[in-house]
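In: Dropping a prediction and its sequence here:
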Amino acid sequence: MRNAGSSLAVLVAAGAIALGAGCGERERPVTVATDTGFVPFEFIDTRTGELVGFDIDLIRAIADRAGFEIRIVTLDFDGIVAGVQSGRFDIGIAGMTITEARAETIDFSDPYYDAGLILAVRADETEIRSEADLAGRRVGTRTGTTSEDYLRRRHPDAQVVAFPGIVEAYMDLRAGRLDAVLYDVPNVRYYAAREGGGEIRTVGDVLQGEQYGIAFPKGSPLVAPVNDALRELRADSTFDRLHETWFGDPEPEE
Ligand code: ARG
């Protein structure tokens, strides 16, 4: 009993210090940066005009659990990475892939989603069957993402077109102005199934395994409480419930 009591006290104290340093002393809510164009993680529900998605529900559940208030701001994806780096935002959540390069300038939470990159083509495409067929093709993606990086590194012979928003790339693919789009598996699949009007399908393998993490400025005191909250939400099935809401099934087992 005594042991349990004192370790709890230590935990509570550590939490208070972490949160005190993180937001209490500034007496303002934690600023969370995200964007508005990454189904089903963060996007505008066209019927209500509201920002919704898996990331939005997840960060709200984490903040509730860890006991801090949040204020959500939206901007372009590359601005989120830069703004977290500079400390302008306390948290970034935007289906952001944990990469070594980013981890040099920002801290990441434990991974919360397993993703990867995949090619999308028009449903009637016959010539592009995998990434081996990209030479000389117009391939769209979003600026500042791991897909842009992948295309420029691995496919210098493709004509890479980077858009500020991925929906424009999907539109151009459907209209025949692009031959393919490379982007995150969950986003491509969701778009193809729900919004692509049956005009888009995926081809080839998942090209690069990736994991999403929540981003913080280097050394942020919020990393530990956010990871604790994430662990609790996984343990009590809140996480699975959110996963089911947005992806139609619980999180796959390891
Ligand atoms: N996972 C990719 C990356 O980190 C793309 C993320 C795009 N996210 C967004 N909210 N637009 O580079």
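Out: Cool, the structure landed. Residues are numbered from 1 along each chain as shown.
In: give the contact list for residue 242.
Out: Applying C-beta atoms under 8 Å, 6 or more residues apart in numbering to residue 242 gives the contacts 54, 57-58, 61, 233. (C-beta placed from N, C-alpha, C; glycine too.)
In: pretty sure it is in a helix, no?
Out: Yes. Under DSSP: H, G, I helix; E, B strand; the rest coil, residue 242 sits within a helix.
In: Report pLDDT for it.
Out: For residue 242, the pLDDT comes out at 97.
In: Phi first, then psi, for the residue nearest the centre of the chain.
Out: Centroid check for the chain by C-alpha atoms, centre = their mean gives residue 95 as the closest residue, at 0.3 Å. Dihedral angles of residue 95 (phi, psi; degrees, to the nearest 10) stand at phi 50, psi 40.
In: ok, it touching residue 42?
Out: Yes. Counting by C-beta atoms under 8 Å, residue 95 does reach residue 42; the two are 7.4 Å apart.
In: Name the residues contacting each of these two.
Out: When contacts are counted by C-beta under 8 Å, 6+ apart, residue 95 and residue 42 are jointly contacted by residue 55.
In: Point me to the residue of the stretch 151-254 of the chain nearest the ligand.
Out: Minimum separation of the stretch 151-254 of the chain from the ligand (C-beta to the nearest ligand atom) falls at residue 184, amounting to 4.9 Å.
In: quick one: contacts for the closest residue in space to that residue that isn't next to it in sequence?
Out: In space, and not counting its chain neighbours, residue 184 is closest to residue 115: 5.2 Å by C-beta to C-beta, 6 or more residues apart in numbering. By C-beta under 8 Å, 6+ apart, the contact set of residue 115 is 95, 97, 184-186, 209-212.
In: And residue 115, which helix or strand is it part of?
Out: strand 113-122 (DSSP states H and E).
In: Output the set of residues of the stretch 151-254 of the chain in proximity to the ligand.
Out: Near the ligand, the residues belonging to the stretch 151-254 of the chain are residue 184 when assessed by C-beta under 6 Å from any ligand atom.
In: And the strands in the stretch 151-254 of the chain?
Out: Per DSSP state E, counting those that start in this stretch, the stretch 151-254 of the chain carries strands over the ranges 159-163, 180-184, 200-203, 209-212, 215-217.
In: okay, these, which one's buried deepest?
Out: Neighbour counts (mean count of other C-beta atoms under 10 Å) averaged over each of the strands of the stretch 151-254 of the chain peak at strand 180-184, with a mean of 26.
In: orientation of it relative to strand 113-122 in degrees?
Out: 170 degrees (axes from the mean of the first three to the mean of the last three C-alpha atoms, to 10 degrees).
In: helices or strands up against strand 180-184?
Out: Strand 180-184 sits against strand 113-122, strand 138-142, helix 146-154, helix 166-174, with contacts defined as 3 or more C-beta pairs under 8 Å, 6 or more residues apart in numbering; DSSP states H and E.
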